[in-house]
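Engineer: all I have is the shape, not the residue letters:
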C-alpha cells in the first residue's frame, strides 16, 4: 500500500452499492477519514454488476473489481446477508431478493417469519455476515469478513436499521438491530466489525 499512498493525496472512496441503508452505515463508520466517500451515483448511469458469485466474498470482490474499472480511486465492494441455521443458512447471498425479483425489506422479512413459524427458540439461531473487498486499479488491497450471532424472533421490533434488522435479536444487548441507533449498531454489527478492520487499512492510505 505504500506505493499507492504516495500517489493519493486527495482521493475518494467509491462505495459499490445502491442500498441507502448500507451507505448510511458506511458513511457513519468512516466519518472523519481524510478523503471523501461517494456512491455509485458518481459513475455513468446504467452500470449494473450481475451477481454471479456463490459466496459473500466472491460477490463483494466482484462488485469492487467491476465498478473499479470505471473509477480512478479506491473502490469498496460489500456483500452481506442473513444466515439462519434452521433454513440451511438461507437466505444467505439471496438475502436482498429472498422473496422474488420484486423483493422489498418487508416481503423478505415476512417470508422468513413464515418459514420460521413454529420453530422453537433453541433452533432459531442466525448470523449476519459481511464481506468487504477494497481494490484500486484492479489490485486487491484488502479483503475482510465478519459476522455476528443472534436469534430470529417471531414478531418484528424497532423502527431503525433496514432489511432483517427488526427480527434479528442480539442477546448481549437484549435488543433487535432495529432498536439500536446507527452508532450502537456499528459497534456490534457484522458490518461494523468489518468496517473497523477496513478503517485501519484506510487510515494507512490517508494523506
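Structural biologist: Happy to help now that I have it. Worth saying up front: this structure is predicted, and the values here are computed from it rather than measured.

Engineer: where does this structure dip in pLDDT?
Structural biologist: For the chain, residues meeting the criterion pLDDT under 70 lie at 1-10, 206-207.

Engineer: that one: strands as residue ranges?
Structural biologist: 12-15, 36-38, 74-84, 90-91, 125-136, 139-152, 168-170, 175-176 (DSSP state E).

Engineer: turn those into CSV, including distance to residue 200.
Structural biologist: Every C-beta, even on glycine, is put in place using the N, C-alpha and C of the backbone. Below are the strands of the chain laid out as CSV (distance: least, Cβ to Cβ, whole Å):
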stretch, distance to residue 200
strand 12-15, 14
strand 36-38, 16
strand 74-84, 14
strand 90-91, 30
strand 125-136, 11
strand 139-152, 9
strand 168-170, 24
strand 175-176, 28
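
Engineer: which stretches of the protein form helices?
Structural biologist: 2-7, 20-29, 56-68, 105-115, 182-188, 190-203 (DSSP state H).

Engineer: one step back: out of the strands of the chain, flag the one nearest residue 201.
Structural biologist: Nearest to residue 201, of all the strands of the chain, is strand 139-152, at 4.6 Å by Cβ to Cβ.

Engineer: the closest one versus helix 105-115: what angle between them?
Structural biologist: 50 degrees (axes from the mean of the first three to the mean of the last three Cα atoms, to 10 degrees).

Engineer: and strand 139-152, what does it pack onto?
Structural biologist: helix 56-68, strand 125-136, strand 168-170, helix 190-203 (3 or more Cβ pairs under 8 Å, 6 or more residues apart in numbering; DSSP states H and E).

Engineer: for residue 31, find the nearest of these.
Structural biologist: helix 190-203 (9.9 Å).

Engineer: list the buried ones in that closest one?
Structural biologist: Going by neighbour count (16 or more other Cβ atoms under 10 Å), the buried part of helix 190-203 is 190-195, 198-199, 202.

Engineer: show me what it is in contact with.
Structural biologist: Contacting residues not belonging to helix 190-203 are listed as 1, 13, 22, 25-26, 29-30, 33, 35, 74, 76, 78, 80, 127-132, 134, 141-142, 144-148, 185-186 [Cβ atoms under 8 Å, 6 or more residues apart in numbering].

Engineer: got the angle between it and strand 125-136?
Structural biologist: Using the same axes, to 10 degrees: helix 190-203 against strand 125-136 is 20 degrees.
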